Structures are given as C-alpha cells and as structure tokens.
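Colleague: Just need the structure, nothing else, for what follows:
(one chain, ligands or ions: 1)
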Amino acid sequence: MSNFQREAYAMINIENLRLPIEGKEILKGIDLHLRPGDTYGLLGPNGAGKSTTIFALLGLRAFGSGRISVLGGNPADDAVFIRRSVGVMPEKAGFYDWMIAPDYLKWYGGLYDFAPTKQDVAKMLEKVGLGAEAHRPIGTYSRGMKQRLAVARALISRPKLLILDEPTNGLDPKGRREIHDLLVEFASDGKAGVLLCTHLLDDVDRLCNRIGIIDNGRTRLEGSLGDLLAEQGGGQRYRLRLESAPDTTNLPAGVAIAGREGGWWYVQVQAAPSGGPSTLWHELWRRDWKILEIRSEASSLEELYMSHTGQDRPHAQEAVL
Ligand SMILES: Nc1ncnc2c1ncn2[C@@H]1O[C@H](COP(=O)(O)OP(=O)(O)OP(=O)(O)O)[C@@H](O)[C@H]1O
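Modeller: Reported below is the predicted structural model:
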C-alpha cells in the first residue's frame, strides 16, 4: 500500500499485526483500514482474534510486530489521546449498579475530561430510549437497557471514532432498530468512523460499507462490501415493505426493481454506494419512498463469509482492496 493510500485510512490503519501470547501466535497477520465516513464490519468466527485486535488498537494490549495507527496516533504512545477520541462499547459493559444513568454518564464523561451538561445527558438518554428510565438504579435495568446505556456511554464524549463489540446483542427488534438509527446518524456527517464487530451479518448488510473478515488470527478478506459482493456476482437483494407504490422512474444508480409481492418490493443493488446501504435508504427516502421495513434477502454476505472462514489456509485466496 502506498503512503498516499495509508493517509486515506486516517482513522484506523493496521498492517500485518502479529501478537504472541505465551509463545502462541494469537494474531498472525491482521490488516484493517478504516477511513472517515466508513462503517466497517469486522467479522470472524469465535476465537478468530477480533477482540484481541480491538484491545491492541486501543493500546490495551502490547503487540509483537506490525503497525497500528489510530486517528494518526500510535496507541502504545498515545493511549490517553486515543481513549479521549474513541467511543468504545465493549462486549461486556460494566456499570455501577447503584448509580442512576444520568449520574453515571456525567461521572464517565468526567473521566475523559469531557464534562457533559445535564441537558447533554438527558438528550443522550432520550436518544437511546432510556429517557423514561433515567431515575432507576442501573442494577434494575434489563440486559437490553444496559446495552442501550453502553451505547450512550460510547457516544457521550462525542467521539470521532466509535468501536462497538456486538452492540445489538440481547436487544429486541425495536431496540436493534434504534441502535441502527443511532449509528446511521453518527456516521452520516461523513467525517466519523464506526468499527462494528459482530456476528450478525444482517447488521453488517444494513449498516456497513466496508468489511474485514478475520479467521484464525489473519485477515482473510478486506474491502468495500459493495465491490466484494459485486465481484461475487449479482449484487445484493433487499425486500422493502412500502407504504405506497414508489416512483420507479428515478432510481439511484445501480438499483433495479426485481419484483413485487403485495406491499413488498424486491430491490436489486448492484453496488452499494460508498457510504454503505444506509446512504442508499436515505437516497430512496429522499425520492419519497415510504419505507416501513427493510429485509436483506441475500445470503451473499453469508456466502462470502463462509468461503473465507472455517479453516487455516495459508495459501488461500486473500484479497485487500
Ligand atoms: N490472554 C490470553 N491468553 C491466551 N489466549 C488468549 C488470551 N486472550 C485471547 N486468547 C486467545 O486468542 C484467540 C482470539 O481471541 P479473541 O477474544 O480475540 O477472539 P474473538 O474473535 O473476539 O472471539 P469471539 O467472537 O468469541 O468474541 C482465542 O483463541 C483466545 O482463546
């Protein structure tokens, strides 16, 4: 990769990261490149090395060799800067159960020299759907409510980069949709970046413009989701439930109507826009498509995932786009 390309991946730039633990190589060659505006899906089976990669890029774990730069800094030297600029939602979020959410968020912001006002906190809790529950001790929250609070905690310091490990785990469909909406809103200015670590391919389909697939400590595949799916052939198919018949004469480039069944419209997307599928839904909303529900028909991503995971193949096809 040239220096010019490296600079373009200003948010996260990981090259050939290796990490031995107790004589065993846990990471054997991780590459990860995330630009401003990207929502990047980090995929891989259990034990592939996703969390270890995240720990390394946050400066929480020393690595053996390779190169990591996050927001232009080196996590090993700039841990404080990185923790202040990156919002993190870890897989297991710990809270003080006796605190109430507004006090907790104020206290948490203070840890990072960011003092959210009472209004900031109230607005954030509203955003994540906890406005009415703000008076209750966190210990009385359900798992889903704690997930929402974890998202609020990641967002409260207005970070430039958001790293989320399984953010929709344990959420009901409404909660999942609300978290999706928050992420779309966060990424919509084109300047922020999101690294989404998940096993839910449907979340990736909906939200991400770029993916990396890790298996057995190595990056097996990385690139634009639209390009990778297009290379597979056929693009991606979605089923949209619409309030009324849409105007099909003015479709965004690369989008075609593949059929209709009652209120459901099948839409074939040859190449998702660089801003990810959420940009496409915005485009359609702007064209007055009254979308009530979106379902990914495709198992194209699943096929892509399955064909790049499952076994250690040192000579297998590996591509970096
Ligand atoms: N401190 C440690 N000592 C020994 N092995 C470790 C340590 N931390 C992680 N590992 C091993 O490293 C590998 C990668 O773990 P990691 O948690 O990064 O995987 P993951 O992709 O996040 O998995 P999951 O999807 O299950 O969360 C696993 O085999 C794990 O057992």
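
Colleague: hang on, isn't Pro36 packed against Leu71?
Modeller: No. With contact defined as CB atoms under 8 Å, Pro36 does not reach Leu71; the gap is 9.8 Å. All C-beta atoms are positioned from the backbone trio N, CA, C, and that covers glycine.

Colleague: Residues in contact with both of these two, list them for me.
Modeller: Residues touching both Pro36 and Leu71 (CB atoms under 8 Å, 6 or more residues apart in numbering): 10-11.

Colleague: Compare these two and say which is more crowded by neighbours.
Modeller: Leu71 (20 against 17; other CB atoms under 10 Å).

Colleague: What values do phi and psi take at Asp227?
Modeller: As for Asp227, its main-chain torsions (degrees, to the nearest 10) stand at phi -60, psi -40.

Colleague: Spell out which parts of the stretch 101-250 of the chain neighbour the ligand.
Modeller: Not one residue of the stretch 101-250 of the chain sits near the ligand, judged by CB under 6 Å from any ligand atom.

Colleague: Who is the residue positioned nearest the centre of the chain paired with across the strands?
Modeller: Using CA atoms, centre = their mean, the residue of the chain that lies closest to the mean C-alpha position is Leu196, 2.4 Å off. Counting by DSSP bridges, Leu196 is bridged to Gly41, Leu164.

Colleague: May I have the secondary structure class of the closest residue to Pro252 other than its chain neighbours?
Modeller: Once flanking residues are discounted, Pro252 sits nearest to Glu283: 4.6 Å by CB to CB, 6 or more residues apart in numbering. For Glu283, the assignment made with DSSP: H, G, I helix; E, B strand; the rest coil gives helix.

Colleague: Near Glu283, how many other residues are there?
Modeller: For Glu283, using other CB under 10 Å, the count is 16.

Colleague: all helices of the stretch 101-250 of the chain, in order?
Modeller: Counting by DSSP state H, counting those that start in this stretch, the stretch 101-250 of the chain has helices at residues 101-111, 118-127, 143-155, 173-187, 201-207, 225-232.

Colleague: re the thing from before, the residue nearest to the centre of the chain against Leu207, yeah?
Modeller: Yes. Shown here, Leu196 and Leu207 form a contact pair, counting by CB under 8 Å, at 6.5 Å.

Colleague: Poorly predicted segments of the stretch 151-300 of the chain, please.
Modeller: The stretch 151-300 of the chain contains residues with pLDDT under 70 at 232-235, 271-275, 298-299.

Colleague: What segments of this structure are strands?
Modeller: Along the chain, counting by DSSP state E, strands occupy 12-21, 24-34, 39-43, 65-70, 86-89, 161-165, 193-197, 210-215, 218-224, 236-242, 255-261, 264-269, 291-296, 319-320.

Colleague: deepest of those strands, which one?
Modeller: Scoring the strands of the chain by mean neighbour count under mean count of other CB atoms under 10 Å gives strand 39-43 as the most buried, with a mean of 27.

Colleague: Against which helices or strands is it packed?
Modeller: Applying 3 or more CB pairs under 8 Å, 6 or more residues apart in numbering; DSSP states H and E, one finds that strand 39-43 contacts strand 24-34, helix 50-57, strand 193-197, helix 201-207, strand 210-215.

Colleague: Show me how this structure divides into domains.
Modeller: 3-93+143-228, 236-297 (automatic domain parsing).

Colleague: list the contacts for the residue nearest to the centre of the chain?
Modeller: 39-42, 164, 167, 183, 203-204, 207-208.

Colleague: buried stuff in stretch 75-90?
Modeller: Residues of stretch 75-90 classed as buried: 75, 78, 81-90 (neighbour count, 16 or more other CB atoms under 10 Å).

Colleague: Quick one: residues contacting the residue nearest to Asp165 when sequence neighbours are not counted.
Modeller: Nearest non-adjacent residue to Asp165, counting by CB to CB, 6+ apart: Glu91, 4.1 Å away. Glu91 makes contact with 51, 165-166, 169, according to CB under 8 Å, 6+ apart.

Colleague: Lys160 is nearest to which of the helices and strands packed on strand 39-43?
Modeller: strand 193-197 (7.1 Å; CB to CB).

Colleague: Could you check the angle the closest one makes with strand 12-21?
Modeller: 30 degrees (axes from the mean of the first three to the mean of the last three CA atoms, to 10 degrees).

Colleague: And Val6, what's its pLDDT?
Modeller: To be clear, residue 6 is Arg; Val isn't right here. Looking at Arg6, its pLDDT is 46.

Colleague: which one is Met11 nearest to, not counting chain neighbours?
Modeller: Gly193 is the one closest to Met11 (CB to CB, 6+ apart), at 3.9 Å.

Colleague: Confirm for me that the one you found is in contact with Asn13.
Modeller: No. Judged on CB under 8 Å, Gly193 makes no contact with Asn13 at a distance of 11.4 Å.

Colleague: Find the residues that touch each one of these two.
Modeller: What both Gly193 and Asn13 touch, as defined by CB under 8 Å, 6+ apart, is the set Leu34.

Colleague: on that earlier part again, reformat the helices and strands packed on strand 39-43 as CSV; add distance to Gly223.
Modeller: As requested, the helices and strands packed on strand 39-43 are arranged in CSV below (distance: least, CB to CB, whole Å):
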stretch, distance to Gly223
strand 24-34, 9
helix 50-57, 17
strand 193-197, 15
helix 201-207, 13
strand 210-215, 7
